[in-house]
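Trainee: Let me see the structure of the following:
(chains A, B, C and D)
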Number of protein chains: 2
Amino acid sequence: MDTKIGSIKPSSRMTNQRLEIISYLQSTTEHPTAEKIYYEVRKKLPKLSLGTVYRNLEILAEKGIVVKLDLGEDRDRYDADTKLHHHFICRQCRRIIDIIMPDVEQLKDRIEGQLNVRVEKTQILFNGLCEYCQKLK
Amino acid sequence: MDTKIGSIKPSSRMTNQRLEIISYLQSTTEHPTAEKIYYEVRKKLPKLSLGTVYRNLEILAEKGIVVKLDLGEDRDRYDADTKLHHHFICRQCRRIIDIIMPDVEQLKDRIEGQLNVRVEKTQILFNGLCEYCQKLK
DNA sequence: GTAGCTGCAAACCGTTTGCACGTGA
DNA sequence: TCACGTGCAAACGGTTTGCAGCTAC
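Mentor: As a prediction, this is how the structure comes out:
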């Protein structure tokens, strides 16, 4: 028989691998890719495998401990900052800047009324050249 | 020697394959995937290959005749409507609704001033349940 | 004539998965 | 104890690419 509300995963074990992945993600604001996380956490756990990184990231995202981000690149990024925010990404150096946008709630309400839909997620993504890459011309 | 401004592709030939891909894209508003385009255009050109579809879509996107869209799915979508607009995508039926949002220009200006960046692209994506999927519960 | 395009098939690459072993609670 | 997690390697799937022949101009 299924769990009542959706398919909630039962308990999960706090392994060293999971702990270090969380710890690394909470130590950075640069929205690393799975590959970067793998590379960094392996400094502490040299036997870590990439599959384990992906499996943990999926579980942590399900639990709401991290957020998976699709910023229009060929790979996903991950963020331990789970408060709603948006992003600017530099097309040259791939730097990512967090953007707080207080009036998004109104935007959401407007769309829901206009289209008769229920909005569950809102993502605003800016793309262009960051301060430094503009100077480099 | 390079072309002066960036790497602009020289002339391109209007092949039947290219023509039919454009024609199909201009006939629909459903933001098809490459696979869907392949499937549809093959009704007219049965020997068409998927590689040709991808190569043409890339060229057409470069020329600004179509737009490639990343709506957070595992595959890209394509749209012959190149006027700036945004999207709602239903997480259940994958229906896509176009959204015109006149005040995005201000948003862009605000971000540019605030972060010292040059914004070249702005994408707003809403995710949730469409009118019909809400009714189906 | 020839640069650009096509069909075909293989390669690519980020991500997922099967499996046998390991380990946290 | 044993269900969940791990390392390893292979599989997956959307997209790209090498190549030999074709074709728009």
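Trainee: What count of nearby residues applies to the residue lying closest to residue A:68 once chain neighbours are set aside?
Mentor: Excluding the flanking residues, the one nearest residue A:68 by CB to CB, 6 or more residues apart in numbering or on different chains is residue A:61, at 4.9 Å. No exception for glycine: its C-beta is placed from N, CA and C like everyone else's. As a burial measure, residue A:61 scores 16 neighbours (other CB atoms under 10 Å in any protein chain shown).
Trainee: measure residue A:61 to chain B for me?
Mentor: Residue A:61 sits at a distance of 14 Å from chain B (criterion: CB to the nearest CB, to the nearest Å).
Trainee: Then residue A:106?
Mentor: In terms of CB to the nearest CB, residue A:106 sits 10 Å off from chain B.
Trainee: which SSE is that residue in?
Mentor: Using DSSP states H and E, residue A:106 falls within helix A:104-115.
Trainee: What helices and strands are in contact with that helix?
Mentor: strand A:118-129, strand B:96-99, strand B:118-129 (3 or more CB pairs under 8 Å, 6 or more residues apart in numbering or on different chains; DSSP states H and E).
Trainee: Check which residues of the helix or strand where residue A:58 lies are buried.
Mentor: Assigned by DSSP H and E, residue A:58 belongs to helix A:50-62. In terms of neighbour count (16 or more other CB atoms under 10 Å in any protein chain shown), helix A:50-62 has its buried residues at A:52-53, A:56-57, A:60-61.
Trainee: Which other helices and strands does that helix contact?
Mentor: Using 3+ CB pairs under 8 Å, 6+ apart: helix A:50-62 touches helix A:16-27, helix A:34-41, strand A:67-69.
Trainee: what residues are up against the nearest residue to residue A:82 once chain neighbours are set aside?
Mentor: Nearest residue to residue A:82 in three dimensions, chain neighbours excluded: residue A:67, at 5.3 Å (CB to CB, 6+ apart). Neighbour list for residue A:67: A:61, A:78-82 [criterion: CB atoms under 8 Å, 6 or more residues apart in numbering or on different chains].
Trainee: Could you do residue A:37 as well?
Mentor: A:21, A:24-25, A:53, A:57, A:78.
Trainee: ok, now residue A:116?
Mentor: If you count contacts by CB under 8 Å, 6+ apart, residue A:116 has them with B:130-131.
Trainee: try it again with 6 Å
Mentor: residue B:131 (CB atoms under 6 Å, 6 or more residues apart in numbering or on different chains).
Trainee: Also residue A:87?
Mentor: Here residue A:87 is in contact with A:71, A:96, A:125 (criterion: CB under 6 Å, 6+ apart).
Trainee: which one of those sits closest to residue A:31?
Mentor: Comparing those against residue A:31 with CB to CB places residue A:96 closest, at 4.8 Å.
Trainee: I figured the closest one hits residue A:86, correct?
Mentor: No. Residue A:96 is beyond contact range of residue A:86, at 10.6 Å (criterion: CB atoms under 6 Å).
Trainee: near chain B, which residues of chain A?
Mentor: Contact residues (CB under 6 Å from any CB of the partner chain) of chain A with chain B: A:70, A:72, A:88, A:97, A:111, A:115-131, A:134.
Trainee: hang on, the earlier thing: show me the one of the helices and strands packed on helix A:104-115 that comes nearest residue A:43.
Mentor: Across the helices and strands packed on helix A:104-115, closest to residue A:43 is strand A:118-129 (CB to CB), at 30.9 Å.
Trainee: mind checking how far that closest one is from the chain centre?
Mentor: 13 Å (CA atoms, centre = their mean, to the nearest Å).
Trainee: counting contacts, what elements does that strand pack onto?
Mentor: Where contact means 3 or more CB pairs under 6 Å, 6 or more residues apart in numbering or on different chains; DSSP states H and E, strand A:118-129 is packed against strand A:86-90, helix A:104-115, strand B:118-129.
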